[in-house]
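Enquirer: Using only what follows, build the 3D model:
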Amino acid sequence: MGILLATNLYKYHRFPSAIISHLVGLYFRFCLSYPDVEELMADRSVMLTCEAVRYRCRKFWGNPC
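Expert: The predicted structure follows:
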């Protein structure tokens with residue numbers, strides 16, 4: 001049941017769940033800034049903005065502050 005809820009969480013997003021999880025993990029695991037995550041994802045041919053990174057980090061992790 002938990003797996004079903006996790007897949008519904010990522011439904012209707014532009015990127016697959018693996019990419020979203022990766023960028024959120026980069027931001028929180030390595031204490032990177034939004035532009036740093038944007039640049040790392042651009043190296044992997046995933047084009048997004050700093051605002052997109054911020055939105056996904058807030059939505060899928062919550063507000064850590």
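
Enquirer: ok, residue 37 touching residue 23?
Expert: Yes: counting by CB atoms under 8 Å, residue 23 is a contact partner of residue 37 at 5.5 Å. Any C-beta I mention is one placed from the backbone N, CA and C, and that applies to glycine too.

Enquirer: which helices and strands does the helix or strand containing residue 23 pack with?
Expert: Using DSSP states H and E, residue 23 sits within helix 17-29. In terms of contacts (3 or more CB pairs under 8 Å, 6 or more residues apart in numbering; DSSP states H and E), helix 17-29 is packed against helix 2-9, helix 34-43, helix 50-61.

Enquirer: List the residue ranges of the chain that fall below the pLDDT cut-off.
Expert: The model of the chain has pLDDT under 70 over residues 1-8, 62-65.

Enquirer: if we can go back for a sec, joint contacts of residue 37 and residue 23?
Expert: residue 53 (CB atoms under 8 Å, 6 or more residues apart in numbering).

Enquirer: returning to what we had before: can you list the helices and strands packed on helix 17-29 in JSON lines and add mean neighbour count and distance to residue 16?
Expert: Output for these, formatted as JSON lines (neighbours: other CB atoms under 10 Å; distance: least, CB to CB, whole Å):
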{"stretch": "helix 2-9", "mean neighbour count": "9", "distance to residue 16": "11"}
{"stretch": "helix 34-43", "mean neighbour count": "16", "distance to residue 16": "13"}
{"stretch": "helix 50-61", "mean neighbour count": "16", "distance to residue 16": "12"}
